[in-house]
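A.B. asks: here is a sequence together with a model predicted from it:
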Amino acid sequence: GAVVSQHPSWVICKSGTSVKIECRSLDFQATTMFWYRQFPKQSLMLMATSNEGSKATYEQGVEKDKFLINHASLTLSTLTVTSAHPEDSSFYICSAPPGASYGYTFGSGTRLTVV
Amino acid sequence: DAKTTQPTSMDCAEGRAANLPCNHSTISGNEYVYWYRQIHSQGPQYIIHGLKNNETNEMASLIITEDRKSSTLILPHATLRDTAVYYCIVRFLLTGNQFYFGTGTSLTVIP
């Protein structure tokens, strides 16, 4: 149980285009989801907290107009990288908490390459 | 959330126990210790968590010192598939609280 599905697992896009990444909780409802970014050989960096039915909360230094987050239902959050540039190439990971007694579940990640 | 300190890297022989230390000297009374691991190019995987008592599950054991300022994750019989980056995180047990990852320990299991 407590599975988070992330799609796509990898994507290559042209510079200037937008890319949408989906994060779904398959067997539980998640009013909150989290989005992380990870550059090669670095740790995960929290980008934003996605809240169902309300605006996302962004960490300091993360451009909210560039990384659009939508949490329209209790099982789906999306991250859209707008006007992507090569420096946005990274590994993006989402996570959700199945419950207070459990460790958070993470998606398998999306490898974004902007060319 | 309290900051943690872990060694950058460790090696362990296959079949032996892997003991991964973590210092969290500023941990508060209500903060839990969580361990996750990340195998290359995958999302982090939950391993175990605890408050003050030692914990064991099918993956590992967590030993927390009496003063709670440090802990050790023990993989009893390391296999090559345990090669990963292991993260020790301390945080409050609230559903809405996010995880902040440190640099972790890169464990290499050697044949």
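C.D. replies: Received it, and whenever you're ready, just let me know what you need.
A.B. asks: chain B contacts on chain A?
C.D. replies: A:4, A:6, A:32, A:34, A:36, A:43-46, A:49, A:91, A:93, A:95, A:97, A:99-109, A:111 (CB under 8 Å from any CB of the partner chain). Backbone N, C-alpha and C define where each C-beta goes, glycine included.
A.B. asks: now the buried members of those residues.
C.D. replies: Neighbour-count burial (16 or more other CB atoms under 10 Å in any protein chain shown) applied to the residues of chain A next to chain B gives A:4, A:6, A:32, A:34, A:36, A:44-46, A:49, A:91, A:93, A:95, A:97, A:103-107, A:109.
A.B. asks: other residues contacting stretch A:50-61?
C.D. replies: A:30-35, A:45-49, A:64, A:67, A:69-74, A:77 (CB atoms under 8 Å, 6 or more residues apart in numbering or on different chains).
A.B. asks: buried residues of stretch B:75-85, list them for me.
C.D. replies: B:75, B:78, B:82-85.
A.B. asks: out of these, flag the one nearest to chain A.
C.D. replies: Within the buried residues of stretch B:75-85, proximity to chain A (CB to the nearest CB) peaks at B:Val85, which comes in at 8.0 Å.
A.B. asks: check which helices and strands whichever helix or strand that closest one is part of is in contact with.
C.D. replies: Using DSSP states H and E, B:Val85 sits within strand B:84-92. For strand B:84-92, the contact count by 3 or more CB pairs under 8 Å, 6 or more residues apart in numbering or on different chains; DSSP states H and E identifies strand B:18-23, strand B:31-38, strand B:70-75, strand B:105-110 as packing neighbours.
A.B. asks: quick check, distance from that strand to the centre of its chain.
C.D. replies: Here strand B:84-92 is found 5 Å from its chain centre; the criterion is CA atoms, centre = their mean, to the nearest Å.
A.B. asks: contacts for it?
C.D. replies: With CB under 8 Å, 6+ apart, strand B:84-92 has contacts from A:43, B:1-2, B:4, B:6, B:20, B:22, B:24, B:27, B:30-40, B:44, B:47, B:71, B:73, B:97, B:99-102, B:104-107.
A.B. asks: hmm, which of those residues are the buried ones?
C.D. replies: B:1-2, B:4, B:6, B:20, B:22, B:24, B:27, B:31-38, B:44, B:47, B:71, B:73, B:97, B:99-102, B:104-107.
A.B. asks: out of these, which are close to chain A?
C.D. replies: B:34, B:36, B:38, B:44, B:47, B:99-102, B:104.
A.B. asks: pLDDT weak spots in the chain?
C.D. replies: Chain wasn't specified; assuming chain A. Scanning chain A for pLDDT under 70 picks out the ranges A:1, A:98-103.
A.B. asks: actually chain B
C.D. replies: Looking at chain B by pLDDT under 70, you get B:1-2, B:94-96.
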